[in-house]
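**Q** Sharing a sequence plus its predicted fold:
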Amino acid sequence: MSRELARAISALENGGASPAAARPALVIGITGPPGAGKSTVVDAFLGVIKERVAVLAVDPSSPFTGGALLGDRVRMTNAGPDVFIRSLASRGHGGGLAPRMRDVLSLLAADGYATVFVETVGVGQEELEIASLADVTVVVLTPAGGDSVQAEKAGLMEVADVLILNKCDLAGADRAERELHEATGLPVARMTAKDGVGVHEALAAIRSVSRRERPAVLEGFAVDHLGIAVVSLEESLRFYEGALGMRVTHRETVEHEGVRVAMLDAGSSRLELLEALSGESPIAKFIARRGPGIHHVALRAPNFEGLIGTLKDSGARLLGEPRIGAGGHRYVFLHPASAGGVLLELIAHE
Ligand SMILES: Nc1nc2c(ncn2[C@@H]2O[C@H](COP(=O)(O)OP(=O)(O)OP(=O)(O)O)[C@@H](O)[C@H]2O)c(=O)[nH]1
Ligand SMILES: [Mg+2]
């Protein structure tokens, strides 16, 4: 199973094309100073997580892939045959680590991996980039004095969502826990990873702060219009305008979409009648396939730019990049496969 996946990742590292965007259910970034016990902590989690898990280790020391693979495999005693472990070189490949990591996450998601750990050594810029890809960023520290100072210097405390204080079998754990919590205000989970102590509690802490498990609820959506594909605008208007008595507020020819449209006022929303300009028009093709009828649902959406990014991350199928439409509003269409079977148009709500 994992051999094909490994090959696909290698192809990516050799400059292959990006796969379709997708996201595992939960991506957990694990970082912290060298030797803090990151790999041991991940290994402890592997013993209790039921879904398919992948572990990616970013290895700054090696320009080759697979460099630390063997070492981590050997140390990860809880890694059964179903756990996918892979090292990624952080240097020696163009394009930057974060875009490549995004692609690798897409491959893992497509292969059914629900939880992915990304381990990085907490010494540099790389961690900050990886943190932006993770749903939760965990910084592993120990009661040893220098740890938190080093983590602070590397900017890790700013990207952390949860701290794991590992090696709580060592002296000074109580004090370190108190100081860390006071200094950062972050939840601190105590572990002795090498003995499997505190595993469930730490995992619960991670899950409870996951950004993805508490998605932002946005205010300000509204149905802007319903699009109806018609064979003849004039004939349909005889019904909607003539017989029904609705008011036409706007007529327009949109060359780049291959349509002539008429907008009908429907209170806080509208109906948009669309007629094909030629046989090549998407509307002509739609009618040929399914007959005239409801063609799309258009929503005015708040935080348009942010939303487009979130949708891409979630693997939703956008039909091209946002464009400027009638009235100067930005809009984009989403494939029905992503939107419950309807072609969905999102319009920036200004
Ligand atoms: N005393 C004690 N030692 C631990 C504990 N967890 C891990 N270690 C030890 O700490 C050392 C480093 O552990 P790793 O898990 O390799 O640490 P790491 O942060 O992944 O290290 P790098 O990937 O090299 O940065 C090993 O010798 C572990 O056995 C713990 O809970 N208590
Ligand atoms: Mg490690």
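**A** Received it, and whenever you're ready, just let me know what you need. Numbering: from 1, shown residues only. Ligands and ions are numbered 1, 2, ... in the order given.
**Q** Break the protein down into its domains, please.
**A** Taking automatic domain parsing as the criterion, the chain consists of the domains 2-209, 222-348.
**Q** now the end-to-end length of the first one.
**A** For domain 2-209, the first and last residues are 30 Å from each other (Cα to Cα, to the nearest Å).
**Q** rank the domains of the chain by pLDDT, which is bottom?
**A** Looking over those, mean pLDDT reaches its minimum on domain 2-209, with a mean of 83.
**Q** follow-up on the earlier one: which of the domains of the chain sits closest to ligand 1?
**A** domain 2-209 (3.4 Å; Cβ to the nearest ligand atom). Just so you know, the C-beta spots here come from the backbone N, C-alpha and C atoms, and that holds for glycine as well.
**Q** Check the offset of that closest one from the chain's centre.
**A** 17 Å (Cα atoms, centre = their mean, to the nearest Å).
**Q** near ligand 2 at all, that domain?
**A** Yes: judged by Cβ under 5 Å from the ion, domain 2-209 comes into contact with ligand 2 through K38, S39.
**Q** right, is that domain up against ligand 1?
**A** Yes: judged by Cβ under 6 Å from any ligand atom, domain 2-209 comes into contact with ligand 1 through 34-40, 121, 166-167, 169-170, 192-194.
**Q** out of those residues, who's nearest ligand 2?
**A** Within those, distances to ligand 2 taken as Cβ to the ion reach their minimum at S39, with 3.3 Å.
**Q** what packs against whichever strand or helix holds that closest one?
**A** Element membership of S39, judged by DSSP states H and E, is helix 38-46. In terms of contacts (3 or more Cβ pairs under 8 Å, 6 or more residues apart in numbering; DSSP states H and E), helix 38-46 is packed against strand 26-31, strand 53-59, helix 69-75, strand 115-120, helix 199-209.
**Q** before we move on, the earlier item: ranking the domains of the chain by burial, who's on top?
**A** Sort the domains of the chain by mean neighbour count, taking mean count of other Cβ atoms under 10 Å, and domain 2-209 sits at the top with a mean of 18.
**Q** if we can go back for a sec, which of the residues of domain 2-209 next to ligand 1 sit farthest apart?
**A** Distance extremes for the residues of domain 2-209 next to ligand 1: the farthest pair is V121 and D169 at 22.6 Å, using Cβ to Cβ.
**Q** got a list of what the residue in the stretch 101-250 of the chain that ligand 2 sits nearest to touches?
**A** Ranked by Cβ to the ion, the top residue of the stretch 101-250 of the chain for proximity to ligand 2 is E119, at 5.7 Å. Contact criterion Cβ atoms under 8 Å, 6 or more residues apart in numbering gives I30, T31, K38, S39, V42, V55, L56, A57, V58 as the residues in contact with E119.
**Q** Bridge partners for it, pull those for me.
**A** The residues listed as beta-bridge partners of E119 by DSSP bridges are I30, A57.
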